[in-house]
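A.B. asks: curious how this folds, go ahead:
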Amino acid sequence: MGACAIATDANISIGLESNTTGITAFSMPGWQLALWATAYLALVLVAVTGNATVIWIILAHRRMRMVTNYFIVNLALADLCMAAFNAAFNFVYASHNVWYFGRAFCYFQNLFPITAMFVSIYSMTAIAADRYMAIVHPFQPRLSALGTRVVIAGIWLVALALAFPQCFYSTITMDQGATKCVVAWPEDSGGKMLLLYHLVVIALVYFLPLVVMFIAYSIIGLTLWRRAVPGHPAHGANRRHLRAKKKFVKTMVVVVVTFAICWLPYHLYFILGSFQEDIYYHKFIQQVYLALFWLAMSSTMYNPIIYCCLNRRFRSGFRLAFRCCPWVTPTEEDKIELTHTPSLSMRVKRCHTKETLFMASDVAEAANGQAGVPKKGSLRNLKPYAWLQGEA
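C.D. replies: Numbering: from 1, shown residues only. Okay, the predicted model is just below:
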């Protein structure tokens with residue numbers, strides 16, 4: 001890889017690359033710039049407002065504070081930050097091909113986007129794992145509050161470590177009088193280090209977690225739709241609970257598929273550029289990049305819309321959050337949906353139901369000559385209401 005390609009290879013996987021507009025300043029008509037600016041501004045406003053509302057809905061209402069929803073908060077926080085700190089600044093860079101924001105922010109822009117994307121997709125993976133344990137293995141102990149915090153902190157630390165090499169090689173250069181924020185990889189690597197980093201990042205923040213989630217949700221789907229969930233008789237309140245789990249799984253599958261569709265063209269763009277660098281020097285590539293970058297960044301604004309459309313509690317939360325708008329009229333049911341908690345009698349009934357299930361299991365084992373053999377899923381090893389947690 002030549003010096004020009006190295007000098008123009010900035011923000012390789014998530015942020016803007018100056019090679020998007022080549023080594024000469026690309027300009028576009030004012031009307032075209034205005035259209036792109038409007039599209040990016042709408043994206044940022046919807047993403048920031050929507051994800052901030054999701055965070056408020058979960059943290060401000062005790063009924064929403066559960067393990068799965070804390071991962072949704074982590075996902076919403078990453079998406080909010082990516083929209084606020086990446087989309088707008090990199091749009092300015094792509095449209096003008098000049099870096100206006102200084103050396104420190106250049107380092108930040110080469111560190112944070114990969115970090116935020118890693119946090120986003122691995123928060124989805126953590127949700128899939130949590131749903132897998134809750135639905136496929138309902139009698140296993142669930143992740144505790146402390147364990148949830150540890151997992152979230154671990155996701156952020158691994159994400160920062162993954163993004164660090166790109167930040168480390170970031171620098172400010174001058175190209176024909178214009179300031180550029182670039183990632184100057186070592187010249188003696190012959191481009192191998194850059195290509196290897198591309199492939200590792202794309203594998204870790206895209207393909208690997210998508211494979212894991214596909215397997216997890218496939219097993220969950222088989223469990224929910226082809227046979228009864230262990231511990232969930234198909235009648236009464238448990239039938240409603242099963243429907244709620246199905247709706248939540250459908251919601252998260254839509255979120256994952258949307259993420260995959262939005263980011264796939266962007267990753268393919270950089271993989272292709274690694275093998276055919278000359279594509280970066282065509283004038284049309286600026287419009288291609290702006291379109292692909294907008295599609296990728298738009299993944300940050302779809303999740304709140306999906307939650308609102310497919311989840312009753314989030315829909316109630318959005319109505320309460322935007323009750324000041326004249327076209328939004330929250331009802332008492334919306335308040336009850338987020339603040340009402342099961343009564344003591346209902347909790348006792350649920351606990352009694354669970355004990356009855358285990359007693360029936362013990363009777364069946366005794367009939368088969370297996371009585372007295374300790375089981376891993378016995379009541380003494382099960383957290384209270386573990387199989388009821390996570391209903392969204």
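
A.B. asks: phi first, then psi, for the residue nearest the centre of the chain.
C.D. replies: By CA atoms, centre = their mean, the chain has its centre lying nearest to residue 120, at 3.0 Å. Per-residue torsions, residue 120: phi -60, psi -60 (degrees, to the nearest 10).

A.B. asks: does residue 328 really touch residue 315, like I thought?
C.D. replies: No - contact criterion CB atoms under 8 Å: residue 328 and residue 315 do not qualify, at 11.1 Å. Where you see a C-beta, it was placed from the backbone N, CA and C, and this is true even at glycine.

A.B. asks: and the lengthiest helix in the chain, which residues are buried?
C.D. replies: Identified as the longest helix of the chain according to DSSP state H is helix 236-275. Neighbour counts over helix 236-275 (16 or more other CB atoms under 10 Å) mark 238, 241-242, 244-246, 248-256, 258-260, 262-264, 266-267, 269-270, 273-274 as buried.

A.B. asks: ok, now stretch 104-119?
C.D. replies: 106-119.

A.B. asks: before we move on, what about stretch 168-183?
C.D. replies: Buried, per 16+ other CB under 10 Å, within stretch 168-183: 169, 170, 175, 179, 180, 181, 182, 183.

A.B. asks: now do the helix or strand harbouring residue 51: which elements does it pack against?
C.D. replies: Under the criterion of DSSP states H and E, residue 51 resides in helix 30-59. Contact analysis of helix 30-59 by 3 or more CB pairs under 8 Å, 6 or more residues apart in numbering; DSSP states H and E lists helix 67-82, helix 88-96, helix 285-310, helix 312-321 as its packing neighbours.

A.B. asks: the ones you listed into JSON lines, with extra columns for distance to residue 195, mean neighbour count and mean pLDDT?
C.D. replies: Listed next are these as JSON lines, based on distance: least, CB to CB, whole Å; neighbours: other CB atoms under 10 Å; pLDDT from 0 to 100:
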{"stretch": "helix 67-82", "distance to residue 195": "25", "mean neighbour count": "24", "mean pLDDT": "93"}
{"stretch": "helix 88-96", "distance to residue 195": "22", "mean neighbour count": "20", "mean pLDDT": "85"}
{"stretch": "helix 285-310", "distance to residue 195": "19", "mean neighbour count": "20", "mean pLDDT": "91"}
{"stretch": "helix 312-321", "distance to residue 195": "41", "mean neighbour count": "21", "mean pLDDT": "89"}
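
A.B. asks: how near is the spatially closest residue to residue 156 that is not a sequence neighbour to residue 74?
C.D. replies: Spatial nearest neighbour of residue 156, excluding adjacent residues (CB to CB, 6 or more residues apart in numbering): residue 119 at 6.0 Å. Applying CB to CB, to the nearest Å, the value for residue 119 to residue 74 is 6 Å.

A.B. asks: spit out the residues that contact the two alike.
C.D. replies: Taking CB atoms under 8 Å, 6 or more residues apart in numbering as the criterion, residue 119 and residue 74 both touch residue 155.

A.B. asks: tell me the SS of the nearest residue to residue 260 once chain neighbours are set aside?
C.D. replies: Spatial nearest neighbour of residue 260, chain neighbours left out: residue 210 (5.7 Å); criterion: CB to CB, 6+ apart. Under DSSP: H, G, I helix; E, B strand; the rest coil, residue 210 falls in the helix class.

A.B. asks: neighbours around residue 210, how many?
C.D. replies: 19 (other CB atoms under 10 Å).

A.B. asks: how about the secondary structure of residue 179?
C.D. replies: Relying on three-state DSSP, one would call residue 179 strand.

A.B. asks: thank you kindly, that will do.
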